[in-house]
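In: next one to model:
(2 chains)
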There are 2 protein chains.
Amino acid sequence: MNDTFSNKLNELSQKVSERLPELVDDTNFLTAEVSKAAIYSLNAGGKRLRPVLMQQFYQMISGDDSLSMLDIFCTIELIHTFSLIHDDLPCMDNDDFRRGKPSCHKVFPEAIALLAGDQLNTLPFEIISDYALKGKISYQASVKLCNVLSRAVGVSGMIGGQVIDMMSEGKQISLETLNELQAKKTGALIAAACEMGCVLANADSEQIENARKYAQKLGLAFQIRDDILDVIGSFEELGKPIGSDKEQSKSTYVSIFGVEESNEICRKLTDEAVEILESFENNEFLKELTLSLLSRKN
Amino acid sequence: MNDTFSNKLNELSQKVSERLPELVDDTNFLTAEVSKAAIYSLNAGGKRLRPVLMQQFYQMISGDDSLSMLDIFCTIELIHTFSLIHDDLPCMDNDDFRRGKPSCHKVFPEAIALLAGDQLNTLPFEIISDYALKGKISYQASVKLCNVLSRAVGVSGMIGGQVIDMMSEGKQISLETLNELQAKKTGALIAAACEMGCVLANADSEQIENARKYAQKLGLAFQIRDDILDVIGSFEELGKPIGSDKEQSKSTYVSIFGVEESNEICRKLTDEAVEILESFENNEFLKELTLSLLSRKN
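Out: Here you go, the predicted structure:
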């Protein structure tokens, strides 16, 4: 990683991290507890990969490097955080740790964590419609953003992926099912991030198609890297117990192909993703980001 | 109740009931379980009050009595059903029965019930944006619907009401807090139903203001009637155990004012709500519906 890249990434992530808690209204004394829970999980950090992807597609196509669309970039992280909070609940994965900190429901009552997730599921649609009502984006763009995001969240997207994940627990699943699981559970939001950046920049259909192809490669590479890290990583680096996939008998790329071949597949997907970026101008930052995800430690 | 009114109400409710399960995609074998859970709860019936309210405001203002906006009417019932599924979960109210049938999480795994609720929280925004992308409503109307609905669901609306409800459990709360709880938990969605009907009909600001005032009266009257039924109703009529409010030491209008005075307040609010309807043409059906809610048994 060169310094310019890593400085820019840190700067972008930080802007997102600073803005996220501000988007959650906690001024009402009676309901402040649920907003505190949402803000707790939003502040737990993470790479802010999805907002950065949206920002990059927006900037590559529009040329606008201002952060006038920051709240829209943040919507995808609100959704991502909603999914993490619900995923960690006792009836789901029952995870006590997330990013090295106790999970939301370990710090707040379980019901408050549940409702914090619900709140973060709804809030993006308020933000996206507000932007149009305030004249910051067109009504048409707002409708498209709402459509891309809701489809990515719903049963044909992320929620569907969580269902497949749950239903597959302790079972041997086919590579085809594993691919569908990944494409929905992790891939759909990553693809939505890229496509929403395109919509904001008023991209043409070829650009949107390329963004989708890129996201598909990146999403799968990202998931495979996650699976590898679950085997070769450490608690300190990951902020959560390692080996949890094996313990839960989850089918992953690593359980099917082993670490070495999974690494190879990950590398190939990353190369293909970078290749697709060649069709965009000012792609240097995103190319570097894509490559850096291949070697990430958490 | 006269026959014309009750026939029309049944017909409307039935159209909504028939359409609701069709809106949930259960064609994907891998994710069908969560859609089945959503459909199970959608099929558990209920009065479909919120869609009927939306339809009535749309019809009174636009004069259109077709059901070309049926899917939009249904969105508010999808949200209502999401809230019921999550409300019944063990970490929330831990209710085993809903409308005389076992709750969603008693029939399906708890995680599937949770995800079914999540799915029903997101789906309305897909439907509302789809309607604009298919040219059935304007982009502007779609954005406004999205905004009204997301605000009604979020922390300043229904979810906020659930938080106040949870935080108040076993405590004496003031009438002011009780009113805010009700306005958010029950009132916000009822108000959104009425306002969304206005948006669909391209209503003017005075009509929207009157719809909101009406909804405020109706929402509170509806909640008070619920509280009264929890004391004087029966399991057979309500489809759930009675006396649960007292058992959980919940503050309600009945616990503060007693049954008789609560009845009186409910009647007064209903009269005021009917009075507001005088400013709309073709208000006969909605006036009758409003009055009928005062004497309902479930």
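
In: pull the number of nearby residues for A:Asn298.
Out: Residue crowding around A:Asn298 was assessed by other CB atoms under 10 Å in any protein chain shown; the count is 15. (C-beta placed from N, C-alpha, C; glycine too.)

In: excluding its backbone neighbours, what's nearest A:Lys213?
Out: Excluding its sequence neighbours, the residue lying closest to A:Lys213 (CB to CB, 6 or more residues apart in numbering or on different chains) is A:Ile276, at 5.4 Å.

In: could you pull out the buried residues of the top helix by length along chain A?
Out: In chain A, assigned by DSSP state H, the helix with the most residues is helix A:205-232. Within helix A:205-232, the residues that qualify as buried by neighbour count (16 or more other CB atoms under 10 Å in any protein chain shown) are A:207-208, A:210-211, A:213-231.

In: A:Thr186 and A:Gly161 touch, don't they?
Out: Yes: between A:Thr186 and A:Gly161 there is a contact at 7.1 Å, judged by CB atoms under 8 Å.

In: do a quick rundown of the helices in the stretch 151-298 of chain A.
Out: With DSSP state H, counting those that start in this stretch as the definition, the stretch 151-298 of chain A shows helices at residue ranges A:158-168, A:175-182, A:188-200, A:205-232, A:235-238, A:244-247, A:253-277, A:284-294.

In: that older thread, enumerate every residue touching the residue nearest to A:Lys213.
Out: A:210, A:213-214, A:217 (CB atoms under 8 Å, 6 or more residues apart in numbering or on different chains).

In: what do you get if the cut-off is 6 Å, keeping everything else the same?
Out: A:Ile276 is in contact with A:210, A:213-214, counting by CB atoms under 6 Å, 6 or more residues apart in numbering or on different chains.

In: which pLDDT value belongs to it?
Out: As summarised for this prediction, A:Ile276 has a pLDDT of 98.

In: before we move on, what about A:Gly100?
Out: A:Gly100 is given a pLDDT of 85.

In: number of nearby residues for it?
Out: 14.

In: just to revisit the earlier point, can you list the helices of the stretch 151-298 of chain A in TSV and add distance to A:Val148?
Out: Output for the helices of the stretch 151-298 of chain A, formatted as TSV (distance: least, CB to CB, whole Å):
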stretch	distance to A:Val148
helix A:158-168	13
helix A:175-182	19
helix A:188-200	5
helix A:205-232	10
helix A:235-238	30
helix A:244-247	30
helix A:253-277	19
helix A:284-294	19
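
In: go through these and pick out the most buried.
Out: Using mean count of other CB atoms under 10 Å in any protein chain shown, the stretch among those with the greatest mean number of neighbours is helix A:188-200 (a mean of 27).

In: got the residues of the stretch 51-200 of chain A near chain B?
Out: A:91-92, A:110-111, A:115, A:118-119, A:121-123, A:125-126, A:129, A:132, A:139-140, A:142-143, A:146-147, A:150-151, A:153-155, A:159-160, A:162-164, A:166 (CB under 6 Å from any CB of the partner chain).

In: tell me the contacts of the spatially most central residue of chain A?
Out: Computing the C-alpha centroid of chain A and ranking residues by CA atoms, centre = their mean puts A:Arg50 first, at 4.6 Å. By CB under 6 Å, 6+ apart, the residues touching A:Arg50 are A:76-77, A:80, A:193.

In: who wins on neighbours among these?
Out: A:Ala193 (31 neighbours).

In: just confirm that residue contacts A:Cys74, I think it does.
Out: No: look at A:Ala193 against A:Cys74 with CB atoms under 6 Å: they stay out of range, at 11.1 Å.

In: ok, A:Ser68 - how many residues close by?
Out: Neighbour number of A:Ser68 under other CB under 10 Å is 12.

In: three-state assignment of the nearest residue to it once chain neighbours are set aside?
Out: Ranked by CB to CB, 6+ apart and with sequence neighbours excluded, the top spatial neighbour of A:Ser68 is A:Lys136, at 7.1 Å. Three-state call for A:Lys136 (DSSP: H, G, I helix; E, B strand; the rest coil): coil.

In: how about A:Lys136, phi and psi?
Out: phi -80, psi -30 (degrees, to the nearest 10).

In: now do it, the pLDDT please.
Out: Value listed for A:Lys136 in the pLDDT field: 98.

In: for A:Glu77, see how far away it is.
Out: A:Lys136 sits 19 Å away from A:Glu77, going by CB to CB, to the nearest Å.

In: which strand or helix spans the residue nearest to A:Leu89 when sequence neighbours are not counted?
Out: In space, A:Leu89 comes closest to A:His105 once its chain neighbours are excluded; the distance is 5.7 Å by CB to CB, 6+ apart. In the assignment (DSSP states H and E), A:His105 maps to helix A:104-107.

In: need the contact partners of the helix or strand just after that helix.
Out: Downstream of helix A:104-107, the next assigned helix or strand under DSSP H and E is helix A:110-133. Contacting residues not belonging to helix A:110-133 are listed as A:33-34, A:37-38, A:71, A:75, A:78-79, A:81-82, A:85-86, A:104-105, A:137, A:139, A:142, A:145-146, B:91-92, B:121, B:125, B:143, B:146-147, B:150-151, B:153-155, B:159, B:162-163, B:166 [CB under 6 Å, 6+ apart].

In: just checking, which helix or strand of chain A averages the lowest pLDDT?
Out: The least trusted helix or strand in chain A, going by mean pLDDT, DSSP states H and E, turns out to be helix A:235-238, with a mean of 62.

In: pick out the shakiest of the helices of the stretch 151-298 of chain A, pLDDT-wise.
Out: Minimum mean pLDDT among the helices of the stretch 151-298 of chain A: helix A:235-238, a mean of 62.

In: what secondary structure does A:Ala44 sit in?
Out: coil.

In: residues near the residue nearest to it when sequence neighbours are not counted, how many?
Out: Leaving out its chain neighbours, the residue that sits closest to A:Ala44 by CB to CB, 6+ apart is A:Arg99, at 4.7 Å. A:Arg99 is flanked by 16 other residues according to other CB under 10 Å.

In: tell me the phi and psi of A:Arg99?
Out: phi 50, psi 40.

In: next: A:Phe97.
Out: The phi/psi pair for A:Phe97 (degrees, to the nearest 10) reads phi -130, psi 150.

In: the spatially closest residue to A:Leu178 that is not a sequence neighbour and A:Gly63, how far apart?
Out: Excluding the flanking residues, the one nearest A:Leu178 by CB to CB, 6+ apart is A:Ser251, at 5.6 Å. Going from A:Ser251 to A:Gly63 by CB to CB gives 43 Å.

In: the two: which is more packed in?
Out: A:Ser251 (21 against 10).

In: got a list of what A:Phe5 touches?
Out: A:Glu288.

In: and whichever strand or helix holds it, how far out from the chain's middle?
Out: Here A:Phe5 sits within helix A:3-23, counting by DSSP H and E. Chain-centre distance of helix A:3-23: 15 Å, with CA atoms, centre = their mean, to the nearest Å.
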